[in-house]
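Q: Need a 3D model of the following:
(one chain, ligands or ions: 1)
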Amino acid sequence: MAKYDVAIIGSGPGGYVAAIRAGELGLKTIVVEKDPFLGGTCLHVGCIPTKVLLHHAEIYGNFKNAAEFGFEVSGLKVNWAATMARKDKIVKKHAKGIEFLFKKNKVEWVQGWGRYAGPGRVSVEKDGKTTSIEASNVLLVAGSEARSLPGVEPDGKTILTNREILQLPEIPKSMIVVGAGAVGVEFASIFQSFGTQVTILEMLPRVVPVEDEEISAELDKAFRKRGIQIFTGSKVDSVKKGAKGVSVSFKDKDGKAQTLEAEKLLVAVGRKPLTANCGLENSKARVERDFVHVGPYMETDEKGLYAVGDIVAGMPQLAHAAMMEGITAVTHIAGKPVTPVVKTRIPSATYCEPQIGSVGLTEKQARDAGRRVKIGKFLFVGNSKATILDNHGGFIKVVSDEEYGEILGVHIIGPLATETLSEATTVLQLEGTVDDMMAMIHAHPTIWEAMGDAFASVRGLQINM
Ligand SMILES: Cc1cc2nc3c(=O)[nH]c(=O)nc-3n(C[C@H](O)[C@H](O)[C@H](O)COP(=O)(O)OP(=O)(O)OC[C@H]3O[C@@H](n4cnc5c(N)ncnc54)[C@H](O)[C@@H]3O)c2cc1C
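A: Residues are numbered from 1 along each chain as shown. Alright, predicted model coming up:
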């Protein structure tokens with residue numbers, strides 16, 4: 001077999017993006033993927049299928065709200081099979097798209113289980129046969145899988161993870177979602193929209209616990225208004241399967257024992273890195289609780305072995321983080337200048353209704369870091385485009401440094417938050433200040449325009465409120 005500059009284990013967003021960039025930079029590249037298709041968690045059982053369903057839920061919501069817009073709609077029905085078929089069609093199309101991009105950039109790929117086999121070597125196992133690849137550099141991008149609760153075994157029918165819930169043949173009547181992180185609240189939002197009675201159980205004191213506290217409070221309020229039942233500070237004691245579904249016993253925030261029943265249970269309690277059996281024991285790489293430690297260019301303590309994506313210690317498990325980490329690794333391998341990924345500049349987008357977009361420090365993180373914080377806040381109720389969309393709940397919160405007006409973080413909840421987030425991320429990337437942003441012209445009428453008001457509100461100079 002030919003000798004490669006780079007061998008990449010895993011074709012999720014970290015792996016396939018790294019491979020394409022490596023090809024563009026003229027590196028001879030091969031990808032090893034255990035599945036018969038490319039794209040990983042994100043494309044097949046993560047970002048893309050969930051966003052298809054969320055978009056369908058939004059359209060359905062608009063139909064249900066038709067009277068507000070002057071339409072009479074009767075006989076409205078969800079064709080679940082058609083919804084699922086469209087989701088699958090989109091996933092397949094994009095998987096083929098990655099294959100096309102590999103060809104275009106002369107990236108080869110093989111199916112099989114990849115293992116780091118020592119400096120410059122990767123072994124590939126398929127159907128009991130092992131072959132070997134020689135590569136000067138190896139990227140391990142093995143990704144993650146759903147964690148479960150102690151003693152709870154997902155069976156794919158009643159107790160579900162993100163995989164099986166995306167294949168449900170029917171919309172369930174009721175569902176308990178354990179875990180109120182991004183995955184949990186997105187599925188809660190999807191199924192509540194389609195008529196499922198959803199209950200969320202979260203062990204921590206608030207939903208979306210990594211977000212700014214005010215964002216959590218706003219989502220909590222909005223979800224309850226939509227009819228989603230929420231128990232925070234609640235720890236699951238046991239899960240029992242019965243003929244009609246599951247029964248979940250938990251202690252609520254006051255320590256009172258409670259039991260809930262539902263047709264389905266979704267376990268959304270975090271993601272476990274898939275580093276076992278990947279040959280890391282053949283290296284000097286530092287592994288802690290299955291996560292791999294890396295330096296600024298994603299290289300592990302073993303020279304020539306890089307780790308990227310969901311398996312990296314101390315980085316958020318997000319597709320776009322994985323993509324930029326992969327680009328950083330291969331650009332470094334190509335000997336070209338590249339800036340290390342800055343964790344506080346990685347945006348976070350949660351596509352539930354209402355949407356959340358955030359980047360940088362929360363108010364608490366900024367205060368804990370000893371910054372003199374100045375907050376600005378603008379409510380979407382003052383934004384004309386939000387009123388046109390009939391979606392004017394939520395706000396934009398700006399966390400800035402009092403001394404020079406440096407923007408430290410931006411937290412958005414409300415219409416198009418995951419798109420408006422682009423401006424917030426740009427400001428942090430370019431180290432902009434409140435004054436820079438107040439001088440920037442925002443097109444009218446847009447949702448985006450609320451950013452201008454939010455920055456100005458730091459100085460008490462917002463116009464539309
Ligand atoms: C329901 C859900 C929704 C999500 N939504 C979003 C979102 O909207 N936005 C966002 O940014 N992130 C989202 N995420 C997170 C995102 O999917 C992950 O952060 C991203 O997929 C990580 O990319 P990765 O390349 O590290 O790993 P993965 O995408 O997990 O890919 C790893 C690949 O490696 C392969 N593999 C593993 N081990 C081996 C081996 N030894 N040999 C060969 N192949 C191997 C796997 O088959 C897989 O194809 C979501 C996750 C879930 C579960």
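
Q: any chance you could map the strands in the stretch 351-465 of the chain?
A: Taking DSSP state E, counting those that start in this stretch as the criterion, the stretch 351-465 of the chain carries its strands at 356-360, 373-379, 395-401, 407-413.

Q: who does the third one touch, helix- and strand-wise?
A: Read that as strand 395-401. helix 213-225, helix 363-368, strand 373-379, strand 407-413, helix 449-457 (3 or more CB pairs under 8 Å, 6 or more residues apart in numbering; DSSP states H and E). Any C-beta I mention is one placed from the backbone N, CA and C, and that applies to glycine too.

Q: picking that back up, out of the strands of the stretch 351-465 of the chain, flag the one nearest the ligand.
A: Nearest to the ligand among the strands of the stretch 351-465 of the chain is strand 356-360 (11.2 Å), distances taken as CB to the nearest ligand atom.

Q: Please state the mean pLDDT value computed over that closest one.
A: Strand 356-360 carries an average pLDDT of 98.

Q: Run through who's touching that strand.
A: Contact partners of strand 356-360, identified using CB atoms under 8 Å, 6 or more residues apart in numbering, comprise 208, 211-212, 215, 219, 344-350, 399, 407-413, 417-421, 424-425, 428.

Q: and of the helices and strands packed on strand 395-401, who's closest to Glu99?
A: Proximity to Glu99 (CB to CB) singles out strand 407-413 among these, at 35.5 Å.

Q: Dump stretch 219-232 to CSV, restricted to CA.
A: Provided in CSV are the C-alpha atoms of stretch 219-232 (Å, rounded to 0.1, in the frame of the first residue of the first chain):
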residue,chain,number,x,y,z
LEU,A,219,-36.0,28.6,28.2
ASP,A,220,-37.5,27.1,31.3
LYS,A,221,-40.3,29.7,31.1
ALA,A,222,-40.9,29.3,27.4
PHE,A,223,-40.9,25.5,27.5
ARG,A,224,-43.4,25.4,30.4
LYS,A,225,-45.6,27.9,28.4
ARG,A,226,-45.5,25.4,25.5
GLY,A,227,-46.8,22.7,27.9
ILE,A,228,-43.5,20.8,28.6
GLN,A,229,-43.3,19.6,32.1
ILE,A,230,-39.9,20.3,33.7
PHE,A,231,-38.3,18.8,36.9
THR,A,232,-34.8,20.3,37.6
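
Q: In that stretch, which residues are buried?
A: By 16 or more other CB atoms under 10 Å, the buried positions in stretch 219-232 come out as Leu219, Asp220, Ala222, Phe223, Arg226, Ile228, Ile230, Phe231, Thr232.

Q: can you pull the contacts of the first one?
A: Meaning Leu219. Val185, Val207, Val208, Glu211, Cys352, Pro354, Ile356, Ile413.

Q: try the fifth one
A: For Arg226, the set of contacting residues under the criterion of CB under 8 Å, 6+ apart consists of Gln192, Glu353.

Q: Now it. Its backbone dihedrals?
A: Phi and psi for Arg226, reported as degrees, to the nearest 10, are phi -80, psi -10.

Q: which residues does the residue nearest to Val207 when sequence neighbours are not counted contact?
A: Leaving out its chain neighbours, the residue that sits closest to Val207 by CB to CB, 6 or more residues apart in numbering is Ala180, at 3.9 Å. By CB under 8 Å, 6+ apart, Ala180 lies in contact with Ala188, Ile200, Glu202, Leu204, Arg206, Val207, Val208, Pro209, Ile230, Thr232.

Q: For the first one, pull up the helix or strand it's in.
A: To tie it back to what came earlier, the one meant is Ala188. Assigned by DSSP states H and E, Ala188 belongs to helix 182-193.

Q: next one: stretch 246-255 to chain centre, how far?
A: How far stretch 246-255 lies from its chain's middle: 27 Å, per CA atoms, centre = their mean, to the nearest Å.

Q: List the contacts of the residue nearest the centre of the chain.
A: Among the residues of the chain, the one closest to the centroid is Leu318, at 4.6 Å (CA atoms, centre = their mean). Each residue near Leu318 by CB under 8 Å, 6+ apart is listed here: Ile346, Ser348.

Q: Quick check: next helix or strand after the longest strand belonging to the chain?
A: The longest strand of the chain (DSSP state E) is strand 129-140. Sequence-wise, the next helix or strand downstream of strand 129-140 (DSSP H and E) is strand 144-146.

Q: Run me through the strand neighbours of that following strand, direction for each.
A: Sheet pairing here is set by DSSP bridges, and for strand 144-146 it gives strand 271-273 (antiparallel).

Q: Kindly report the residues of this protein close to the ligand.
A: Within the chain, the positions near the ligand by CB under 6 Å from any ligand atom are 9-15, 32-35, 40-42, 46-47, 50, 113-114, 141-144, 162, 183, 274, 278, 309-310, 317-320, 322.

Q: shouldn't Lys385 be in contact with His442?
A: No - using CB atoms under 8 Å, Lys385 makes no contact with His442, being 10.8 Å away.

Q: Spit out the residues that contact those two alike.
A: In contact with both Lys385 and His442: Glu449, using CB under 8 Å, 6+ apart.

Q: More neighbours: those two, which one.
A: More crowded of Lys385 and His442, by other CB atoms under 10 Å: Lys385, with 19 against 16.

Q: Setting the sequence-adjacent residues aside, check what's closest to the more buried one.
A: Using CB to CB, 6+ apart, the nearest residue to Lys385 is Pro445, at 4.4 Å.

Q: can you tell me which residues contact the one you found?
A: By CB under 8 Å, 6+ apart, the neighbours of Pro445 are Asn383, Ser384, Lys385, Ile388.

Q: ok so, going back, same list (the helices and strands packed on strand 395-401) but as a markdown table, adding distance to Gly242.
A: Shown next, in a markdown table, are the helices and strands packed on strand 395-401 (distance: least, CB to CB, whole Å):
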| stretch | distance to Gly242 |
| --- | --- |
| helix 213-225 | 27 |
| helix 363-368 | 42 |
| strand 373-379 | 45 |
| strand 407-413 | 37 |
| helix 449-457 | 48 |
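
Q: Can I get those in TSV including mean pLDDT and distance to Gln167?
A: As requested, these are exported to TSV (pLDDT from 0 to 100; distance: least, CB to CB, whole Å):
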stretch	mean pLDDT	distance to Gln167
helix 213-225	98	25
helix 363-368	98	38
strand 373-379	98	40
strand 407-413	98	30
helix 449-457	98	38
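
Q: So Ala257 is in contact with Ser249, correct?
A: Yes - because the distance of 6.6 Å satisfies CB under 8 Å, Ala257 is recorded as touching Ser249.

Q: between the two, who's got more neighbours?
A: Taking neighbours as other CB under 10 Å, Ala257 and Ser249 compare with Ser249 leading, 13 against 9.

Q: Would you mind giving me the confidence score for whichever residue of the stretch 351-465 of the chain sits closest to the ligand?
A: Residue of the stretch 351-465 of the chain nearest the ligand, by CB to the nearest ligand atom: Tyr351 (6.2 Å). We have a pLDDT of 98 for Tyr351.
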